[in-house]
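J.: okay, predicted coordinates and the sequence, questions at the end:
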Amino acid sequence: MSDLQKKQVAELTELEARAELKDLAKELSKQDELYHVKDRPEISDAAYDALVKRHTEIEKLFPHLKRKDSHSNRVGAKVGATPFSKVIHDTPMLSLENAFSEQDLKDFLTRSKKKLGLSDQDSLEIMAEPKIDGLSCSLTYQDGYLIQAATRGDGTTGEDITDNVKTIKDIPHNLSGDYPKILYVRGEIYLGKDDFLKLNEQREKENKQLFANPRNAAAGSVRQLNSSVTAKRPLKFFAYSVVSEIDNITTQYDMLQQLELWGLKVCKASQICRSIKDVLAYYSQINHDRPLLPYDIDGVVYKINNLENQKKMGFVARAPRWALAHKFPAEQAQTILKQITIQVGRTGVLTPVANLEPVNIGGVIVARATLHNADEIQRKDIRVGDRVIVQRAGDVIPQVVKVIVEKDHPRTLPYQFPTQCPVCDSHAIREQDEAAYRCTGGFNCAAQAIEKLKHFVSRKAFDIDGLGGKSIEFFWDKNLIKTPVDIFTLEERDKESATRIQNFPGWGKLSAKNLFAAIHEKRKISLDRFIYSLGIRHVGQVTAKEMAGYYQTFQAWMEGVLAAKAAKDSEPYQVLNSLEGIGEIVADAVIEFFKEPNNEILIKNLGTYLDIQPSGKKKNDNLLLAGKIIIFTGTLQSISRDQAKEQAENLGAKVTGSVSGKTDFVVVGKDPGSKATKAEKLGVKILTEQEWFALITQA
Ligand code: IVH
């Protein structure tokens, strides 16, 4: 459901709230993992914050529905999915409450004053600091020596990244001056904007995947298994707090000074504020200066300056009551949209990309932005040549926010989304209720072929010994395997080739011989595995088995689906559509696959190299209703529609949804409607519910 369609929290019923909390628990945990463990977020910070906000609001209104796995008990990622050893934090590493409006900020000040016994007129010192967009880190110094560095992890348990952190120049291995025996310092590891750009330039040259932003680059660098890789990344660090109490230090301000004396770096842009006016002025100033800062920030953190007062304020489950984060809106700039190009992903999704007149957004030059999908372009009426507002939300990929329609400036025609794949020319389709167009080229599309080939040889498909994903990449790079047929002609071609596989580094006569033998062995394959290996959209193992069970032979399957492709109101289409687990979506996906002539050629060609065996459950011609096509319409009185369907299928019938000349029976319940009328017209036999039971009890 889109945000616009969502009900106000106050209007939710208990049932709806429970269901939404369940969905949110799943979604938030997925997004946490993408962000913290995989360093590959899929949604913007703002979208994530909106999810958290909704979650908090629902829990507040329905406290008794709070789940054991509630996100409000967690801070970040689950630790354990990585090879780093665990570190249990002596004091949990918490998160911050977010302010979304000026009012939230005012409420924070009022709340704090009340709790501290101050009147509204009393002034309360607030330390305002930039919120550095990196990853938090806990440092442990024993006798002044850095003995451990850890990530935040889930707030209670983090990962030991000591070796990598020791390569960061801003973090001293030994403290200067007077220090306590044990000192826990908290702060943010980050990568400067310039260093981020340089790193990505380098990665582009090396054909490596680019980092989406400095924060992901920093997180990826810190979590390297090899410290010498981290050492090459110019990571930086700002310390922002000390966990334990320190003699003679009574304010956050003094604490920052002390951290500097110990030799740590602190952010110089912090400031003490004494009123809401000061605080708002600081926020605007920093937001204004943001593009000029050499590092990314995503907001401001307000902290009660006096440490004794912080203690009095205490904590809620996952955040201190004495601090608040105030995020900035996304950074935006205007530029011209020069061209719209289409990128084809490895799964065949066509993504429109805006090619822009390069523009500086908050210190980063942006020349491309995502346009998401066809609907988005249409909704925002984005056309080539338009002046557009582009935003870099500090996360993921820049986006085109909207068009600025300029008076007297002629516009080009509305953008027509291509219905052909720009990579392979195959037709692209869009399924019902789907935003994306997909290329149907599969193996014939260079953008998708390698993934398709990996699927083709995977364990549940052809499962060829010695030919896994890595080998597919290897043979692809050598131009030896580009289609599935190439796998089965590999040996023959190798014999005639000047560069034999046996001579490739790491190969040899025996390995080559073994590979050919393994390929040969898999020429004999069951029909269900064969169908599954084609990677047709929506056709998984179960569906493939069902199809194979019904059609039995490769020949019959091909004939069946090609006939189904010819017309949607045909009997073969009805049959395909009515198989167990196959509805219109799957049937249409199969048909779309075969509509692409290259796919049909490929499969037929492949069939000549293989011995495809019948598989799965056999058609049981002895059953009472074997091969009969039946429709149920209207409300049945004694059993549910699903139960009736199951009974019919157990007796060998196919239950379909629409009446045609090939339908054998239409069983009518109460208020049957148009299907019964159509059946009458076509002369199809109509059964009452009683007649139906009489029929099946003969069994
Ligand atoms: S204070 C109890 N100060 O923001 C939490 N955090 O969203 C104390 N951050 O995990 C955090 N700059 O990684 C604090 N000046 C700053 C910060 C800062 C960035 C990060 C930090 C924290 C996250 C919370």
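T.: Thanks, I have it.
J.: residues contacting Asn164?
T.: Going by C-beta atoms under 8 Å, 6 or more residues apart in numbering, Asn164 touches 149, 221-224, 227, 230. The C-beta positions use only the backbone N, C-alpha and C, and glycine is treated the same way.
J.: for it, give me the pLDDT.
T.: With respect to pLDDT, Asn164 scores 92.
J.: surely it forms part of a helix?
T.: Yes - assessed by DSSP: H, G, I helix; E, B strand; the rest coil, Asn164 belongs to a helix.
J.: is it true that Arg383 touches His409?
T.: No - assessed by C-beta atoms under 8 Å, Arg383 is found out of contact with His409, at 11.1 Å.
J.: between the two, tell me which one has more neighbours.
T.: Neighbours were counted for Arg383 and for His409 using other C-beta atoms under 10 Å; Arg383 has more, 17 against 10.
J.: ok, the residue in the stretch 251-400 of the chain positioned nearest to the ligand - contacts?
T.: Using C-beta to the nearest ligand atom, the closest approach of the stretch 251-400 of the chain to the ligand is made by Val301 at 4.2 Å. For Val301, the contacting residues are 96, 128-131, 240, 323-326, by C-beta under 8 Å, 6+ apart.
J.: distance check, it against Glu406.
T.: Taking C-beta to C-beta, to the nearest Å as the measure, Val301 falls 40 Å from Glu406.
J.: same question for Val229.
T.: In terms of C-beta to C-beta, Val229 sits 48 Å off from Glu406.
J.: check His173 too.
T.: His173 is 58 Å from Glu406, by C-beta to C-beta.
J.: kindly report the same for Leu235.
T.: 44 Å.
J.: cool, Leu51 as well?
T.: Taken as C-beta to C-beta, the span from Leu51 to Glu406 is 36 Å.
J.: higher neighbour count, those two?
T.: The neighbour comparison of Leu51 against Glu406 (other C-beta under 10 Å) goes to Leu51, with 16 against 10.
J.: and that one, backbone torsions?
T.: With angles defined as degrees, to the nearest 10, Leu51 sits at phi -60, psi -40.
J.: so it touches Leu24, yeah?
T.: Yes - judged on C-beta under 8 Å, Leu51 makes contact with Leu24 at a distance of 6.3 Å.
J.: now do the helices in the stretch 101-250 of the chain.
T.: Using DSSP state H, counting those that start in this stretch, the helices of the stretch 101-250 of the chain run over residues 102-115, 162-165, 193-205, 214-222, 227-231.
J.: the first one: which residues count as buried?
T.: If I follow you right, that is helix 102-115. Of all the residues in helix 102-115, those buried under the rule 16 or more other C-beta atoms under 10 Å are 105, 108-109, 112-113.
J.: quick one: residues contacting Phe462.
T.: Each residue near Phe462 by C-beta under 8 Å, 6+ apart is listed here: 456, 487, 522, 525, 529, 533.
J.: 7 Å instead?
T.: 456, 522, 525, 533 (C-beta atoms under 7 Å, 6 or more residues apart in numbering).
J.: with distance to Asp465, secondary structure and pLDDT as new columns, can the residues you listed be given to me in TSV?
T.: Formatted as TSV, those follow (distance: C-beta to C-beta, whole Å; DSSP: H, G, I helix; E, B strand; the rest coil; pLDDT from 0 to 100):
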residue	distance to Asp465	secondary structure	pLDDT
Phe456	15	helix	96
Lys522	8	coil	96
Ile525	14	strand	96
Ser533	15	helix	96
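J.: how near is Ser44 to the ligand?
T.: 15 Å (C-beta to the nearest ligand atom, to the nearest Å).
J.: pLDDT at that residue, what is it?
T.: 73.
J.: related to what we said a few turns ago, closest one to the ligand among the helices of the stretch 101-250 of the chain?
T.: helix 214-222 (10.0 Å).
J.: so what's the residue of the chain found nearest the ligand up against?
T.: With C-beta to the nearest ligand atom as the measure, Ser136 is the residue of the chain nearest to the ligand, at 3.1 Å. Counting by C-beta under 7 Å, 6+ apart, Ser136 touches 93, 152, 186, 188.
J.: got the contact list for the closest residue to Trp262 other than its chain neighbours?
T.: Using C-beta to C-beta, 6 or more residues apart in numbering and skipping residues adjacent in sequence, the residue nearest Trp262 is Leu175, 4.4 Å away. Applying C-beta under 7 Å, 6+ apart to Leu175 gives the contacts 141, 144, 262-263.
J.: who in this protein is up against the ligand?
T.: Counting by C-beta under 6 Å from any ligand atom, the positions of the chain adjacent to the ligand are 94-96, 129, 131-132, 136, 188, 240-241, 301, 320, 323, 325.
J.: ok, Asp664 touching Gly627?
T.: No - taking contacts as C-beta atoms under 7 Å, Asp664 lies outside contact range of Gly627: 8.5 Å.
J.: mind naming the longest helix for this structure?
T.: helix 14-32 (DSSP state H).
J.: report the buried residues of it.
T.: Buried, per 16+ other C-beta under 10 Å, within helix 14-32: 17, 20-21, 24-25, 28, 31-32.
J.: can you list contacts of that helix?
T.: 12, 43, 48, 51-52, 54-55, 58, 62, 65, 67, 69-71, 76-77.
J.: so how far is it from its chain's centroid?
T.: Helix 14-32 sits 16 Å away from the centroid of its parent chain (C-alpha atoms, centre = their mean, to the nearest Å).
J.: same question for stretch 397-404.
T.: 21 Å.
J.: and what of stretch 658-666?
T.: 43 Å.
J.: now do it, average pLDDT.
T.: 87.
J.: over to stretch 135-150?
T.: Stretch 135-150 comes out at a mean pLDDT of 95.
J.: next helix or strand past the helix or strand of the chain with the lowest mean pLDDT?
T.: Within the chain, no helix or strand scores below helix 641-650, which has a mean of 77 by mean pLDDT, DSSP states H and E. Following helix 641-650 in sequence order, the next helix or strand is strand 654-655 (DSSP states H and E).
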